[in-house]
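Undergrad: Okay, predicted coordinates and the sequence, questions at the end:
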Amino acid sequence: MTMRKLFTLDEIKKSLLVALWFMVLTFPILAVRVNPIYKVVEWRWHNLLMVGIGAFLLSFPWRYFQGHGKPPEKSAAAENQALKNSKILLWRRHPWVRLCAVVLATGLVLSFPFLFSSYQVNIMTTALIYVVLGLGLNIVVGLAGLLDLGYVAFYAVGAYSYALLHLHFGLSFWLCLPIGAGLAALFGILLGFPVLRLRGDYLAIVTLGFGEIIRLVLENWNEFSQGPSGISNIPRPGLPGIEMSLNASSIFLYFLMIALTLFTILVVSRLRDSRIGRAWLALREDEIACQAMGIDKTRTKLTAFALGATWAGMGGVMFAAKTTFINPASFTFLESAIILSIVVLGGMGSMLGVILSAFILILVPEYLRAFSEYRMLIFGAVLVIMMVFRPQGLISNVRHRYRFEGLKTPPEELG
Amino acid sequence: MTALLSTTHLTMDFGGLRAVDEVNLEVRQQEIVALIGPNGAGKTTLFNCITGLYRPTSGDIFVQAPGAAPKRINGLKPNQVTALGLARTFQNIRLFPHMTVLENVMIGRHCRTTSNILGAVLKDRHTRREEQETVAFSYRLLEKVHLDRYVNELARNLPYGAQRRLEIARALATEPFLLLLDEPAAGMNPLETRELDDLITRIRNEMGIAILLIEHDMKLVMNISDRIFVMEYGKEIAVGTPLEIRSNPRVIEAYLGADSHA
Amino acid sequence: MDYFLELFLGGLTRGSIYALIALGYTMVYGIIELINFAHGEIYMIGAFTALIAASVLAIMGFGPVPILFLAMLLAILYSCAYGYTLEKIAYKPLRHSNRLAPLISAIGMSIFFQNYVLLAQTSDFLPFPSLLPEVPFLEPYAYIIRSSEIFIILTTLVVMVLLSLLIRFTRIGKAMRATAQDRTMAMLLGVDVNRVISVTFVIGSAMAAIGGVLIASHIGQINFYIGFIAGIKAFTAAVLGGIGSIPGAVLGSLVLGWTESFATGYISSDYEDVFAFGFLVLILIFRPAGLLGKTAAQKV
């Protein structure tokens, strides 16, 4: 289908039908609102009109990209080639561009808390927590290909470790950060051991069930977790002997999050290009071949699962320290879904993509207040649209390339 | 000559269906053995039993690495079998399509290397050296199968015959003493098949690796095999040198049929 | 004994509702091996449609019996339309991609539907009118079984019988069985697989809508989140019975209904959902093929 063919009478007729269908479909829920107590009906015809127009307009690109966007087996190679030659990637490789980018980014990161209000700094800290969570889940979903829908459980383990250990034993943030990470990893191993032999979609459901169990237990076991009312007065991290104002402590937390993010990036990127990381990728690609090549399936999955959980645990401790108050409502399935959206939108396995999409998905709703109501609606739509049109995410994962001195024949690129 | 691999009364049932029936198979050192038989004779099932993908219903599989004691491998996991020194390829190529050619081979080195998570994060000297060795080893293997031009190419972009060779290189990277090839010539053109013929012989002669292969291309089988096993309906119906098999009336009747003149 | 009977019948009622939803999961799974994560939302949308229809009709002055029938009919029609559209938008384009893609897409649709209803209607619980009539002769036993429970159990029974007749004797039923066995082969033999898949979604959605209206009327309130919990539980039931197996889904639903009913009745009601989720985790770990499912050897 070419651009010109898109606006023929036939196509317009198709789109009109689609619009009509969606208007009928959304009629009761969007156009009617009943107040059962006062027995009045509110008709909202303007909603219906908007759906009609929206469906009409969107149906064109939907059909257009469906005809086009799906790369059949043959064009996969061409697409790969195009990707390799894409300007962004060429730029990225250029040393000067790299240097400038690094200097610019460093300057921005360092000056940010002094240029903007502490409100902005707090939002940025939140976004960084999601970057870390996204990178952590990326190990599990993106690299090892294990769909974990209960990632929030490990996040909760981290947050509650800090809150409870401080409440009962007065342990400091610095001690709780590794403990929280360790406990989350332990939970990851405990859960992973029995469930990791399950098939992909079953694994997804079991992890989801596990996430919900953790939340429900936190909600109902009052003696342990103080139930739905949660735990308050969690201290922000400090340095021994230094009193910090609220503003200073949020700046401190911001830099702490920057440090944790950099640490995460370093660790995850090194892991990805290591023996373990290759085994994860191979596992994602073909489990049977992977085993036949001598890779212990269970162990490899377990390391991915436990490492992912570790980062969720650290994120949880950070989250508790930042908000100073936690309750089970922060750890619902939707939280897992947000983190999953970050990974999927970013491009499974691609670190730059995940970082980028964490910022987009967390900052855009924060700054566009009008948007924030529709946030979850958009997350849902993003998951579907990405799967249909661009399953590889914003930035596809590019594999490590090796150089060889004195090759007999120069490496050949296939088109 | 010792038997590297021997099965005794190996049997595999799927529900009521007996796919492999009391098979006694033996592969000796430095030998090229072909496993032939009509479709559905149970050849691939036999492979899957040997490599640990299936757990046989009854019977035993013994493996004896050169200079080691024989070991019963029933019920071992596939990765454990590979670690012992058996490596395989698949009938319907199973590469890691979105990884590069070199990385595919490097995966084969996994069970012969030891770097752990901590090493990967810290990049200590041991890890760095091992990584370099892995790259170099894998690259040499790619040279051996004439795929070194494609090192950084994604595996899925390779032509069909090259994918089959890559699968062999990947299996060789695990340093096996016995290589199991499941229809390595399937889908290859005559030129590619001749190259494969040469490659298999070189693997045996230069690397001293024994080979057990399933193949339908009779010309290839007759050319390179030291011995041939013939299966039909899960049972072993004949075993012998290519010459003996060619003239075995049972085999001609069961399998070769019109092809026997080829 | 009365308490036991009350719990038993309560469990049977729950189980019936789970069965109506679980059948949708199991049929879709049987045909395209997809966990239709948004199925619970179809049930929720059915209940909302019925609520809106019933309220509007009541204000217009209709009597209780026409309200019941019209609201039920509209709920079924709309759920079917949503189920059909869901499949066309979120699953059909992904028919040939890897296993995780449709699952992620399904999760996306589930979140989308929940928030669609949340934004278009309300996040509060809405009172749901009692559509099911009271049966006078049951009144002396009301402490054991309510008449709405009888309705639920009987309706479920009728739906089950109709479904098995449809699958066994009609053309589309045969096409569905053929597609479930081997999609490619069915296609080669001239079965319109796309149509079969659509019909499966529509039938599943219709049953979910019936379940949604019945349970909402029985409990008396709904919100946008009811589909998520009910969906997970029905999925648990389907897996418990052996996903893909229709009698399995019914059996699994009843077992789950009774387990929940007795566990909350005799142990504690705080952990009602924990029992269900715990049950799900345990089944998948110890018997992933379910009670009536078959373990298929993986083809290598």
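TA: Good, I have the coordinates. Quantities reported herein were computed from a predicted structural model and do not represent experimental measurements. Residues are numbered from 1 along each chain as shown, chains lettered A, B, ... in the order given.

Undergrad: Nearest to chain C: which residue in the stretch 101-250 of chain B?
TA: As assessed by CB to the nearest CB, chain C sits closest to residue B:182 within the stretch 101-250 of chain B, at 9.4 Å. Every C-beta, even on glycine, is put in place using the N, C-alpha and C of the backbone.

Undergrad: Just to check, that residue is in contact with residue B:216?
TA: No - in this structure, residue B:182 is not within contact of residue B:216 by CB atoms under 8 Å, at 11.0 Å.

Undergrad: burial count for the residue of the stretch 101-250 of chain B closest to chain C?
TA: Number of residues near residue B:182 (other CB atoms under 10 Å in any protein chain shown) recorded here: 24.

Undergrad: give me phi/psi at it?
TA: With angles defined as degrees, to the nearest 10, residue B:182 shows backbone torsions of phi -100, psi 100.

Undergrad: With adjacent residues omitted, what lies nearest to it?
TA: Once flanking residues are discounted, residue B:182 sits nearest to residue B:91: 4.3 Å by CB to CB, 6 or more residues apart in numbering or on different chains.

Undergrad: Check the secondary structure at the one you found for me.
TA: coil (DSSP: H, G, I helix; E, B strand; the rest coil).

Undergrad: Low-confidence stretches in the stretch 1-150 of chain C?
TA: C:136-144 (pLDDT under 70).

Undergrad: Checking whichever residue of it sits closest to chain B next. Helix, strand or coil?
TA: At 10.8 Å from chain B, residue C:98 is the closest residue in the stretch 1-150 of chain C, using CB to the nearest CB. Secondary structure for residue C:98, judged by three-state DSSP, is coil.

Undergrad: Would you confirm that the residue nearest to residue B:182 contacts residue B:44?
TA: Yes - with contact defined as CB under 8 Å, residue B:91 counts as touching residue B:44 (5.9 Å).

Undergrad: So for the two, which residue has more residues nearby?
TA: Under the criterion of other CB under 10 Å, the comparison of residue B:91 against residue B:44 puts residue B:44 first, with 22 against 15.

Undergrad: That one is in contact with residue B:182, isn't it?
TA: Yes - between residue B:44 and residue B:182 there is a contact under CB under 8 Å: 6.0 Å.

Undergrad: Return every residue with contacts to both of the two.
TA: B:91, B:214 (CB atoms under 8 Å, 6 or more residues apart in numbering or on different chains).

Undergrad: What are the structural domain limits within chain A?
TA: A:4-70, A:75-115, A:116-389 (automatic domain parsing).

Undergrad: With mean pLDDT added, can I get the ones you listed in TSV?
TA: Listed next are the domains of chain A as TSV, based on pLDDT from 0 to 100:
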stretch	mean pLDDT
domain A:4-70	81
domain A:75-115	69
domain A:116-389	88
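
Undergrad: So for chain C, which of the ones you listed sits nearest?
TA: Per CB to the nearest CB, nearest to chain C of these: domain A:116-389, 2.8 Å.

Undergrad: The closest one near chain C at all?
TA: Yes - using CB under 8 Å from any CB of the partner chain, domain A:116-389 reaches chain C at A:145, A:147, A:149, A:194-195, A:198-202, A:204-206, A:208-210, A:212-213, A:216-217, A:220, A:288, A:333-334, A:337, A:340, A:344, A:373-374, A:376-377, A:379-384, A:387-388.

Undergrad: Pull out the buried members of the residues you listed.
TA: A:145, A:147, A:149, A:195, A:198, A:201-202, A:204-206, A:208-210, A:212-213, A:216-217, A:220, A:288, A:333-334, A:337, A:340, A:344, A:376-377, A:379-384, A:387-388 (16 or more other CB atoms under 10 Å in any protein chain shown).

Undergrad: Among these, which ones are in strands?
TA: Among these, DSSP state E puts none in strands.

Undergrad: Just the ones of the residues you listed in helices?
TA: When those are checked against helices (DSSP state H), the matches are A:195, A:201-202, A:204-206, A:208-210, A:212-213, A:216-217, A:220, A:288, A:333-334, A:337, A:340, A:344, A:376-377, A:379-384, A:387-388.

Undergrad: hang on, the earlier thing: could I get the contacting residues of the residue of the stretch 101-250 of chain B closest to chain C?
TA: By CB under 8 Å, 6+ apart, the neighbours of residue B:182 are B:43-44, B:47, B:88-91, B:213-214.

Undergrad: I'm done for today, thanks for sticking with me.
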